[in-house]
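*Asks:* Pasting the sequence and the predicted coordinates here, then a few questions.
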Amino acid sequence: QLQLVESGGGLVQAGGSLRLSCVASGRPLHVHTLGWFRQAPGKEREFVACINWNGASTAYADSVKGRFIISRDHANNTVYLQMNNLKPEDTAVYSCAKSRSYGSTLYQAIGDYDAWGQGTQVTVSS
């Protein structure tokens, strides 16, 4: 059974950086798009970034474009999110997810994903 486990969250000052990791176990993910989403208190879960199956294409929410970088490592079945120049509004629980379908499509809708990690808290202080 597939399990996704995130790590790397924490408390950081505005302008700082964090690197989130999401390790998959139970099955390989090399044919799927992988995504990062976040949910702040009192808000809906929102798309952050995604990367296609071979890592050649990525997509980002406008709010993080130019600051966050998504990458993946097939050998370790892991997806990363490098977060730079963090802002207080980036505070949220960050979760990784696996796309329902195969291929190169850069899925950005929550409904396009069928497996989720438990999330890791990121808190950015001003």
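*Replies:* Yep, it's here. Because the structure is a prediction, the values reported are computed rather than measured. Residues are numbered from 1 along each chain as shown.
*Asks:* which strand of the protein spans the most residues?
*Replies:* strand 92-102 (DSSP state E).
*Asks:* Sheet partners, orientation included, of that strand?
*Replies:* strand 32-39 (antiparallel), strand 113-116 (antiparallel), strand 120-125 (antiparallel) (DSSP bridges).
*Asks:* would you put the C-alpha positions of the last one in CSV?
*Replies:* Extracted C-alpha coordinates of strand 120-125, given in CSV (Å, rounded to 0.1, in the frame of the first residue of the first chain):
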residue,chain,number,x,y,z
THR,A,120,4.1,18.9,7.7
GLN,A,121,3.7,22.3,9.4
VAL,A,122,5.5,25.3,8.1
THR,A,123,5.3,28.5,10.2
VAL,A,124,6.9,31.7,9.0
SER,A,125,7.3,34.5,11.6
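*Asks:* T123: how many residues sit nearby?
*Replies:* By other CB atoms under 10 Å, 15 other residues sit near T123. (Each C-beta comes from the backbone N, C-alpha and C, glycine too.)
*Asks:* Please disregard the earlier target; I meant G55.
*Replies:* G55, neighbours per other CB under 10 Å, totals 15.
*Asks:* Which residue is the nearest non-sequential neighbour of it?
*Replies:* R72 (5.2 Å; CB to CB, 6 or more residues apart in numbering).
*Asks:* The one you found is in what secondary structure piece?
*Replies:* strand 68-73 (DSSP states H and E).
*Asks:* tell me the angle whichever helix or strand comes after that strand makes with strand 120-125.
*Replies:* Using DSSP H and E, the next helix or strand after strand 68-73 towards the C-terminus is strand 78-83. With axes from the mean of the first three to the mean of the last three CA atoms, to 10 degrees defining the directions, strand 78-83 sits at 10 degrees from strand 120-125.
*Asks:* I am finished for the moment; much appreciated.
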